[in-house]
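Enquirer: Need a 3D model of the following:
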Amino acid sequence: MPATPDLTNRIAGRARASSGPGRLPVWNPATGESIGTVPLSNFEDIEAAVTAARAAFPGWSGTPVGERARSVGRFRALLERDQETIACSIVREHGKTMVDAMGSVRRGIESVEFAEGAAGLLPGSTLANTSRGVDAEMFSEPLGVVAGITPFNFPVMVALWMFPTAIALGNTFVWKPSERVPFSADLLGRLADEAGIPGGVLNLVHGDKDAANALLVAPGVDAVAFVGSAPVARHVYTTAAAAGKRVLALAGAKNHLVVLPDADLGSAVDSILSSAFGSAGERCLAGSVVLAVDPVGDELVRRLAERVRALRVGAGDDPTTDVGPVIRPEHRDRVESYIRLGEQEGATVVARGATPPGSPGYFVSPTLFDHVRPTMRVAREEIFGPVLSVIRVPTFDEAIAVANSSEFGNAAAIYTRDGGRARAFRERIQAGMVGVNLGVPAPSAALPFVGWKGSAYGALAATGPEAVRFFTRTKVVMSRWPSDPAAS
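Expert: From the prediction side, this is the model:
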């Protein structure tokens, strides 16, 4: 059997062995087999990466914006060339189906396309004669060194939200990917080198929470961008902000899908299933709670249950698979504990999909709960797995009230033929991303990916013009020049 690969960090454009305390195995969640190891970087490794980024910043920020954009464009072309290879890596280390993986890579490439033109979106203005002989100018400049900490569930897409825009705007970047999915990150680092992005502009350091915590307080880091669970997002925000850094931390979700009696149930059921069970439910836009407005509940649950039982669970590289594994056995056990909890709380399991018999992979049966009450933990807490709860409510107003009682406000959706109800939902729902007759309201790269309430910490968003604002700072110049003697 060939030796499994052992990854290294990539600092200043070169592979660099970690001086950390050891290595972690990386598992294929569909088979339970080790596919390699990743270093546990320590503070010394983080310091080396930050120092490299700090050293590269003056030259890179002074590079003409067109040259920076062309570097990002070359990187995009390589992503397009190798997108299938990247998707296969995601399938192998995360467990997504190939369709999900390819879709996530394509969405990431869209963000890189946005980054190529980001310099043209930089806010700036001039105002002549603000007082006699005085002119005012406003410029946007890069921040400096940005640290990005990305999650396991979208190992490529979320990273491509971050560093291409950051570096196109003149920043340098230190990236700490999830230690659970490091091989896709290594592929992106190699492509950045191939694209001719100068050494030190993008630096890749592997590791666990100790490496992440070192980045949060590293003196040479000016800003931190993070995507992950709610408790960790709170920690990242409070720790890095206390260290004087600009912080954007996207957190958890409990997304509600409201189904009105006039909805097209055929298309609604298709959409709900895709939202709840795509990527094994391991995404922050997954529909988690269906609010069925009377009298639609019986028919909606019947149709959902029939489809859930038919979902095929298996390895992501099998084209017949609908739902892949979850990321780790510990997470499988956590999701299963929520299913048991839901039953103990009085909810009814009306359908479960079948997992591959005897498989060593980390599979969870897709599960549909009915007669869930809003106070149940399965209705309130983020499960992050293939579990869907149905709450029956008597009115549209009650559906809005239940959804708005959540501590989270990432996304919500409504299924209806009534434009007035859809408009009322848009206005009254407390969520940053809203879907009308679609269950995954993911914005295009030119718009902000924005959560409300406990789904985000920080004033801005991860993509679109708000990301441009996050990665830049404003400078105002007031000028007075001697009058032209020839004009007098």
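Enquirer: Residue 289 belongs to a helix?
Expert: No: read with DSSP: H, G, I helix; E, B strand; the rest coil, residue 289 is strand and lies in no helix.
Enquirer: Tell me how many other residues surround it.
Expert: 25 (other Cβ atoms under 10 Å). C-beta here means a position set from N, CA and C on the backbone, and glycine is covered the same way.
Enquirer: what do you get for the one 10 residues further on?
Expert: Burial of residue 299 is recorded as 13 neighbouring residues (other Cβ under 10 Å).
Enquirer: So it: helix, strand or coil?
Expert: Here residue 299 is helix, with the state taken from three-state DSSP.
Enquirer: Provide a list of residues in contact with it.
Expert: residue 265 (Cβ atoms under 8 Å, 6 or more residues apart in numbering).
Enquirer: separation between it and residue 268?
Expert: As for residue 299, its distance to residue 268 is 11 Å (criterion: Cβ to Cβ, to the nearest Å).
Enquirer: got it, and residue 80?
Expert: 34 Å.
Enquirer: And those two? Which one has more around it.
Expert: residue 268 (25 against 13).
Enquirer: doesn't residue 259 make contact with that one?
Expert: Yes: if you go by Cβ atoms under 8 Å, residue 268 and residue 259 touch, sitting 5.8 Å apart.
Enquirer: Find the residues that touch each one of those two.
Expert: Joint contacts of residue 268 and residue 259 (Cβ under 8 Å, 6+ apart) are 300, 415.
Enquirer: So in that sheet, which strands flank the least confident helix or strand in the chain by mean pLDDT, and in what orientation?
Expert: Least confident helix or strand, the chain: strand 125-131 with a mean of 88, by mean pLDDT, DSSP states H and E. Strand 125-131 sits in its sheet next to strand 134-142 (antiparallel), going by DSSP bridges.
Enquirer: Restricting to C-alpha, output the partner strand in PDB.
Expert: Extracted as PDB, the C-alpha positions of strand 134-142 are listed here (Å, rounded to 0.1, in the frame of the first residue of the first chain):
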ATOM      1  CA  VAL A 134      -9.300  73.600  -0.100                       C
ATOM      2  CA  ASP A 135     -10.100  70.300  -1.800                       C
ATOM      3  CA  ALA A 136     -11.100  67.000  -0.200                       C
ATOM      4  CA  GLU A 137     -10.300  63.500  -1.500                       C
ATOM      5  CA  MET A 138     -11.300  60.100  -0.100                       C
ATOM      6  CA  PHE A 139      -9.300  57.000  -0.900                       C
ATOM      7  CA  SER A 140      -9.600  53.300   0.000                       C
ATOM      8  CA  GLU A 141      -6.400  51.500   0.900                       C
ATOM      9  CA  PRO A 142      -5.600  47.900   1.800                       C
END
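Enquirer: after it comes which helix or strand?
Expert: The helix or strand immediately downstream of strand 134-142 is strand 145-149, counting by DSSP states H and E.
Enquirer: For residue 289, see how far away the residue nearest to residue 106 when sequence neighbours are not counted is.
Expert: Distances taken as Cβ to Cβ, 6 or more residues apart in numbering put residue 83 closest to residue 106, at 7.2 Å, once the chain neighbours are dropped. Residue 83 sits 34 Å away from residue 289, taking Cβ to Cβ as the criterion.
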